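>>> everything below, folded, please.
(chains A and B)
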Amino acid sequence: MSTDTAQEPILQITGLSKSFGAIRALRGVDFELRRGEIHALAGENGAGKSTLMNIIDGIFLPDSGEIRLDGQVVTIKSPAMAQKLGIGLVHQEIALCPDVTVAENIFMAATNMSRAPLMDFAGLQRKAAEVLGRLGDIDPSAMVRTLSISQQQLVEIAKALTLDCRVLILDEPTAALTEREAAILFKIMHRLAAQGISIIYISHRMVEIFENCDRVTVLRDGQFISTLKVADTTPREVVSAMVGRVIDDLYPPKQRSEERSDEIILEVRGLTEARRFRDVSFQLRKGEILGLAGLIGAGRSEIVKGICRLEGEVTGEVILSGQTLALESYGDSIAQGLVYLSEDRKGDGLFLDMSIAANVSALRLRQIASGAGIIDDRREAAQALRLGARLNLKHGGIGQPVSHLSGGNQQKVAIAKMLSVDPKVIFLDEPTRGVDVGAKAEIHRIVRDLARKGVGVVVISSELPELIGVCDRVLVVREGRITGEVSGAEMTEDRIIYLASIGSQRRQVA
Amino acid sequence: MTDDPTTPALAERSDQTAKRGPWSIAGRALRMRETGLILIILVLFITMSFASPYFLTWTNMRAMAMAFALEGIVVVGMTILLISGGIDLSVGSVTALAMVIAGLLFLNGVDPWLASGIAIVACTAIGATMGFFVTKVGLHHFIVSLAVMVIARGLCLLGTGGRPLGLFTLPESFKFIGQGSIGVIPVVLVVFVVVVVAFDFMLRRTTMFRKVFYTGSNPRAAAYSGIRTKRVIFLTTTLCSALCGIAGIIYMARFGSAQPTFGIGMELNVIAAAVIGGASLSGGTGTILGAILGTILLSVVSSSLALLDVSVYWQDIIRGSILLGAVTIDHYINKRRG
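The predicted model follows:
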């Protein structure tokens, strides 16, 4: 491709504004996408990225401003029209039909537009296998319900790839992917870009932006801040532009050597669940943050949910401060002080349509109620305010429904809910997923603060830099077993990936 | 970065919200709905008192109060069940079955109070059975209650041979709960007010019923908060049938007979009332007060249409349209707010 066409803008947006009631989601935003470039769109949650993308995809109509595609002014009235114009959007949230095969999901749009009265299942399977072949090992005839989240994400991407688009928008596509799957996705992105397809890539992860994108546009509070060439800027500069201030320390300081304690808060011995994990044993010391690393599907969440008795028929011992616990349900676990922060905040972490206060008190209603079980509104409010202030929760009143909060603040409500019972051990499953940079740093600090106050903390994260930055020690899980442990200088991405994918004992060709 | 967790701005704002309490926003929205319903009911009242000389008479008021009071008891059960995420189509049949069971026992020489107790227990057992099929077997409320609706109706017809049971010998003391008055207030209305006030309070303030909201709002999040959601659903399902049993007994006392075909189509009225009052079929929202206002509205409309000599067939069409209109308005209000 010549430099000429590479410089040519395919999508030009000028002065785009959109309000929802009193909220001005976009204020005169400019954006330019060139042919064959990978253009990152960065900004905190609530900065207007999603609104902008939804306008480009025809889900919303702008209040004012102009969109030019190939120099022609266009009004994109619906996603179907966006598709016809060659714009494909992969949403962050998965929107597949769970009871239909992978192949049929991938070609849903094509089927919708097809005039043939009968479904050509064999053809679909064949074509789906072709597209999927590039992405990873997924059976086109499998029901989507049976796939893992990361596989479903790949199906979403495959779906967009079949649409023959000129502009492909990927909204945080790697949020649910493992490093390896993400690497494959990036390779595909580069190949598509080389074919002249322009990609808008939305992500919070600076590493991904700086390794894969050509330019980056930053939005803040609905306004255009800057468009920079990635080669001419630094992650620090982009992050500062996003939050409007300098973020100096992404991770809080680790445990100091004099803080190290031999006191064991939690010990797990021989935890086994028939199908998903075997013989899991580890110790959690007072004041430390223990990480669990592993590929998606390795069984990290399952182990932690097993300890808390959230799911599965589990055998093995859970010993809290020297006492063996007899846990039968998650209710017992909460009563003993073991709490679990779900990785799926919207799905099973929060009551989105209920108030902040009602969310915070859900784990132990009895402590805001009288002996007769009558809730004291003032005690409930006081509890929510106290924990909200402790976590620096930004809200418009604790009676506000949680759905009105940003991702970071929703996560703080979920954490406040855990803290309401004064837990002894807190298991955090992907605590910063879908949370913006500022809130992420705050959550990291909260987690360190908890450990310092003597709460046992176990963190699961698919983001290795986060695990390495936050944890004092990391256990690596592979195929339902703990296959390694790293701490101190040994805690590197390479080492963890090695242990997670190949294992400690035998070397295998993956 | 604001390290200090108690920045003045936040602390100040928090103070205000502390005074209003955690339910302030939800409360305001509900008050809006409830005020709206009350206004509509008032407008209807005023219009009707001009349109028909019979509307604002003691007899008509009493008849209307009786109608919504008894149905209102069932509405309470349905609302709670809807909040927990369930639904019950069998309410009409189960109400009739309570009458039939108590009536048959009475005709066979059982004391009417004891017979009523047995009938209510039987209805509760039916609710528990539905709860079992929903929570243990894992079937959908809709299907289970549809089946029970048909079965219970069949039992009514089987037990009575399809004919109403005349219970002329019911003692006056028993008929009192359905027909009597305390001063000028019908006993039925008293029972209804007690049920409504008690459940309204419990639903808003007790930990037990807060769990009903959690479960309906997001069952998985509720389970992940240590709440035994299946038990909650089992209990709300059982409670709804138990309240049908109680309503059935009062109906029997009022009619002095047990009618096997009573309550056909009642489920639609009851669900409509709850939904007009703000309950959602997807669970997690609803109030007793709203649902009761919904019941009153529907009952005033029925009474008005009857007094205006509107054909019965039109009445159904109008009632259905009101439901559709209420839900549509609701949908748009929610959309704008979200």
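>>> so where is chain B shaky, pLDDT-wise?
B:1-31, B:333-338 (pLDDT under 70).
>>> what are the ranges of the helices in it?
Listed in chain order, the helices of chain B (DSSP state H) span B:8-20, B:24-51, B:58-83, B:91-107, B:112-132, B:141-160, B:172-179, B:187-205, B:207-217, B:219-223, B:229-255, B:266-276, B:288-307, B:312-337.
>>> got a list of what the residue of chain A found nearest chain B touches?
Here the residue of chain A nearest chain B is residue A:357; by Cβ to the nearest Cβ that distance is 3.1 Å. Every C-beta, even on glycine, is put in place using the N, C-alpha and C of the backbone. For residue A:357, the contacting residues are A:380, A:381, A:383, A:384, A:398, A:399, B:22, by Cβ atoms under 8 Å, 6 or more residues apart in numbering or on different chains.
>>> of these, keep whichever come out buried.
Among the contacts of residue A:357, those classed as buried by 16 or more other Cβ atoms under 10 Å in any protein chain shown are A:380, A:381, A:383, A:384, A:398, A:399, B:22.
>>> returning to that earlier point: narrow the contacts of residue A:357 to those in helices?
Per DSSP H, the contacts of residue A:357 map to helices at A:380, A:381, A:383, A:384.
>>> and of the residues you listed, the nearest to residue A:175?
Distance to residue A:175 across the ones in helices among the contacts of residue A:357 (Cβ to Cβ) is lowest for residue A:384, with 28.4 Å.
>>> quick check: the gap between that closest one and residue B:83.
Per Cβ to Cβ, to the nearest Å, residue A:384 is found 22 Å from residue B:83.
>>> returning to that earlier point: highest mean neighbour count out of the helices of chain B?
Most buried of those by mean neighbour count (mean count of other Cβ atoms under 10 Å in any protein chain shown) is helix B:91-107; its value is a mean of 27.
>>> ok and that helix relative to helix B:172-179, angle-wise?
170 degrees (axes from the mean of the first three to the mean of the last three Cα atoms, to 10 degrees).
>>> now for helix B:91-107, which elements pack on it?
helix B:58-83, helix B:112-132, helix B:141-160, strand B:165-166, helix B:229-255, strand B:257-258, helix B:266-276 (3 or more Cβ pairs under 8 Å, 6 or more residues apart in numbering or on different chains; DSSP states H and E).
>>> what about 6 Å?
helix B:112-132, helix B:141-160, helix B:229-255, strand B:257-258, helix B:266-276 (3 or more Cβ pairs under 6 Å, 6 or more residues apart in numbering or on different chains; DSSP states H and E).
>>> do the helix or strand containing residue A:331 and chain B meet?
Here residue A:331 sits within helix A:330-336, counting by DSSP states H and E. Yes - with Cβ under 6 Å from any Cβ of the partner chain as the criterion, chain B is reached by helix A:330-336 at A:330, A:331, A:334.
>>> right, and out of these, which lies closest to residue A:266?
residue A:334 (14.8 Å).
>>> and the nearest residue to the closest one once chain neighbours are set aside, what does it touch?
Using Cβ to Cβ, 6 or more residues apart in numbering or on different chains and skipping residues adjacent in sequence, the residue nearest residue A:334 is residue B:226, 4.4 Å away. Listed by Cβ atoms under 6 Å, 6 or more residues apart in numbering or on different chains, the contact set of residue B:226 reads A:330, A:331, A:334.
>>> can we see that at 8 Å?
A:329, A:330, A:331, A:333, A:334, A:363.
>>> quick revisit: so which of the helices and strands packed on helix B:91-107 is nearest residue B:186?
helix B:229-255 (9.3 Å).
>>> quick check: angle from that closest one to helix B:112-132?
150 degrees.
>>> and the spatially most central residue of chain B, how far is that from residue B:133?
Chain B has residue B:75 as the residue nearest its centroid, 0.6 Å off, counting by Cα atoms, centre = their mean. Residue B:75 sits 23 Å away from residue B:133 when distances are taken as Cβ to Cβ.
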